[in-house]
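Student: Structure of the sequence below:
(one chain, ligands or ions: 1)
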Amino acid sequence: MFEHVDNYPGDPILSLMDDYQRDPRTDKVNLSIGFYYDENGQVPVLPTVQRAKAHLDARPTSANLYLPMDGHPGFRRAVQDYLFGALSEAQDERIVTIQSVGGSGALRVGADFLKRYYPNSQVWVSDPTWDNHLAIFSGAGFAVNRYPYLDASGKRIDFARMLEVFAQLPANSIVLLHACCHNPTGMDLSVEQWDQLYMLFRERSIIPFLDAAYLGLGEGVEQDAYAIRALARTGITGLVANSFSKVFSLYGERVGSLSIVCDSAAIAQRVHGQLKGTVRTNYSNPPRHGAELVSIILGEPQLAAEWRAELESMRVRMVAMRQALFDAIRERKPELDVEYLLEQKGMFSYTGLSAEVVDRIRERHGVYLIRSGRICIAGLNESNLDAVAQALADHH
Ligand code: LMR
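Tutor: Below you'll find the predicted structure:
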């Protein structure tokens with residue numbers, strides 16, 4: 001039995017994190033997984049999350065019942081308002097939002113739902129993208145293709161080539177897009193490009209599936225939400241997966257959401273029902289604790305404002321670290337073209353370093369990057385900056 005089970009090759013991000021933890025070097029630096037670390041190299045517990053926890057603890061103890069299949073009702077309402085902003089009632093009724101098990105759970109439930117109703121569609125993801133996108137959609141039974149994202153320099157988006165590919169896709173093709181803070185490149189579409197894309201998608205009946213795991217960490221919540229809000233406003237049908245792991249520093253709670261923008265309120269109701277069915281056959285219902293924390297924070301204007309300020313301070317720290325790394329590398333090697341560090345947005349930068357060079361940097365300097373050449377800017381702080389700058393300057 002099970003003799004034919006082959007080895008799991010590991011996950012390019014999570015398995016590297018295991019290697020990092022096993023590395024005995026005391027001066028090792030983790031710039032791999034997308035964790036937000038503070039200036040002391042710690043994954044923070046946000047003060048608003050602490051207050052929300054205290055709030056929960058102060059409630060009379062109640063039985064720990066299951067949540068509904070679609071999640072915590074207060075969470076769903078608050079998240080829909082947060083993601084989509086102010087909408088008319090008619091626009092609002094066309095959107096279904098359910099709680100999900102992190103962003104990955106949202107992608108998988110969305111993929112399973114799409115596979116049921118569009119079994120012959122194919123999925124298109126950016127080249128490059130987060131590796132798990134490929135695994136999740138092929139795991140759900142889709143053929144997954146890649147669309148070009150970067151030009152030959154590897155440092156700019158090639159929007160014209162992207163459009164060319166999309167213009168050839170058959171109706172009901174599913175296109176995965178990063179709503180902001182593209183992972184791994186940190187390169188995002190402009191407002192005009194989103195508008196153009198949506199126009200084409202409407203003409204060709206293409207289904208966009210947005211992934212928003214870093215909302216607020218690029219240019220701020222309002223700017224980063226443009227793609228999501230434009231989707232609802234322009235009235236095309238599409239899906240939005242969102243994660244609260246990074247922005248609330250609630251990784252282990254597995255809290256996220258899946259929204260589907262439908263053509264009418266009546267369709268939205270049926271879609272909502274089928275999403276519940278999809279959840280039921282995957283894991284029955286989502287966990288309670290993280291969703292309660294998020295709904296307390298988003299549902300209370302004062303706490304929500306304080307959380308926005310906390311989020312902004314994470315963003316600002318990363319922008320400062322980008323500049324500091326840029327300066328430190330330039331000081332060592334003024335001729336190096338590292339402008340990309342300043343131009344890219346969010347938690348990641350795409351260095352263009354090859355997997356072999358990344359391996360060498362890890363072996364010689366104990367600095368961990370993803371083998372695609374992605375570095376997590378949030379792992380930088382004053383204590384490790386010089387070591388990282390030296391490692392990158394030596395190998396660039
Ligand atoms: C990442 O890209 O590092 C994060 O999204 C964490 C993960 O699950 O891969």
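
Student: Quick check: closest non-adjacent residue to the residue in the stretch 1-150 of the chain positioned nearest to the ligand.
Tutor: Residue of the stretch 1-150 of the chain nearest the ligand, by Cβ to the nearest ligand atom: Gly34 (3.2 Å). For glycine as for every other residue, the C-beta is placed from the backbone atoms N, C-alpha and C. Leaving aside its sequence neighbours, Gly34 sits nearest to Met347 (Cβ to Cβ, 6 or more residues apart in numbering; 5.3 Å).

Student: My read is that the one you found contacts Ile377, right?
Tutor: Yes - using Cβ atoms under 8 Å, Met347 is in contact with Ile377, at 6.0 Å.

Student: pLDDT value on the residue of the stretch 251-396 of the chain found nearest the ligand, please?
Tutor: Nearest residue of the stretch 251-396 of the chain to the ligand (Cβ to the nearest ligand atom) works out as Cys376 at 6.9 Å. Per-residue confidence at Cys376 stands at 97 (pLDDT).

Student: Point out the residues in the stretch 51-200 of the chain that sit beside the ligand.
Tutor: For the stretch 51-200 of the chain, the residues in contact with the ligand (Cβ under 6 Å from any ligand atom) are 130, 132, 183.

Student: now that we have those, which one has the most neighbours?
Tutor: In terms of neighbours by other Cβ atoms under 10 Å, those top out with Trp130 at 27 neighbours.

Student: my guess is that residue meets His182, correct?
Tutor: No - applying Cβ under 8 Å as the test, Trp130 and His182 come out as separate, 9.1 Å apart.

Student: What's the local residue count around the closest residue to Thr351 other than its chain neighbours?
Tutor: Spatially, and ignoring its direct neighbours in sequence, Thr351 is nearest to Gly373 (4.6 Å; Cβ to Cβ, 6+ apart). Neighbour count of Gly373, defined by other Cβ under 10 Å: 19.

Student: cool, Met314 as well?
Tutor: Met314 has 20 nearby residues by other Cβ under 10 Å.

Student: Now the element after the helix or strand hosting it, going C-ward?
Tutor: Assigning secondary structure by DSSP states H and E places Met314 in helix 301-332. Next in sequence after helix 301-332, counting helices and strands by DSSP H and E, comes helix 340-343.

Student: how about that next one: buried residues?
Tutor: 340-341 (16 or more other Cβ atoms under 10 Å).

Student: ok, residues contacting that helix?
Tutor: For helix 340-343, contacts defined as Cβ atoms under 8 Å, 6 or more residues apart in numbering pick out 155, 186-187, 322-323, 325-326, 329, 349-352.

Student: what about burial for those residues, which qualify?
Tutor: The neighbour-count test (16+ other Cβ under 10 Å) marks 155, 186-187, 322, 325-326, 329, 349-352 as buried among these.

Student: Among these, which pair sits farthest apart?
Tutor: For these, the farthest-apart pair by Cβ to Cβ is Met187 and Ile329; their separation is 19.2 Å.

Student: May I have the secondary structure class of Ile267?
Tutor: State at Ile267, reduced to three classes by DSSP: H, G, I helix; E, B strand; the rest coil: helix.

Student: I meant Thr97, not that one.
Tutor: Classified using three-state DSSP, Thr97 is strand.

Student: Any idea how many residues pack against it?
Tutor: Neighbours of Thr97 under the rule other Cβ under 10 Å: 26.

Student: Check whether it really touches Arg76, as I assumed.
Tutor: Yes - Thr97 lies in contact with Arg76 (Cβ under 8 Å); the separation is 5.0 Å.

Student: shared neighbours of the two, anything?
Tutor: Ser257.

Student: which ones are touching Asp27?
Tutor: 366, 384, 387.

Student: Output the lowest mean pLDDT helix or strand found in the protein.
Tutor: When the helices and strands of the chain are scored by mean pLDDT, DSSP states H and E, helix 89-93 comes last with a mean of 86.

Student: Using PDB, write down the CA coordinates of that one.
Tutor: What follows is helix 89-93, C-alpha atoms only, in PDB (Å, rounded to 0.1, in the frame of the first residue of the first chain):
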ATOM      1  CA  GLU A  89     -27.200  49.600  -2.700                       C
ATOM      2  CA  ALA A  90     -27.700  48.000  -6.100                       C
ATOM      3  CA  GLN A  91     -23.900  47.600  -6.600                       C
ATOM      4  CA  ASP A  92     -23.600  46.200  -3.100                       C
ATOM      5  CA  GLU A  93     -26.300  43.600  -3.600                       C
END
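
Student: How about residues contacting it?
Tutor: Contact with helix 89-93 is made by 80, 84, 232-233, 235, 265, 268, as judged by Cβ under 8 Å, 6+ apart.

Student: chain center to it, what's the gap?
Tutor: From the chain centre to the centre of helix 89-93 is a distance of 26 Å (Cα atoms, centre = their mean, to the nearest Å).

Student: Tell me where the stretch 1-150 of the chain has helices.
Tutor: Ranges of helices in the stretch 1-150 of the chain, per DSSP state H, counting those that start in this stretch, are 14-22, 47-57, 73-84, 89-93, 102-117, 131-139.

Student: now the first one, how far from the chain's geometric center?
Tutor: Using Cα atoms, centre = their mean, the distance from the centre of helix 14-22 to the centre of the chain it belongs to is 20 Å.

Student: List the buried residues in it.
Tutor: Quick answer for helix 14-22 (16+ other Cβ under 10 Å): 16, 20.

Student: That one - contacts with which helices or strands?
Tutor: strand 367-368 (3 or more Cβ pairs under 8 Å, 6 or more residues apart in numbering; DSSP states H and E).

Student: The same query, at a cut-off of 10 Å, please.
Tutor: On a contact count with 3 or more Cβ pairs under 10 Å, 6 or more residues apart in numbering; DSSP states H and E, helix 14-22 meets strand 29-30, helix 355-365, strand 367-368.
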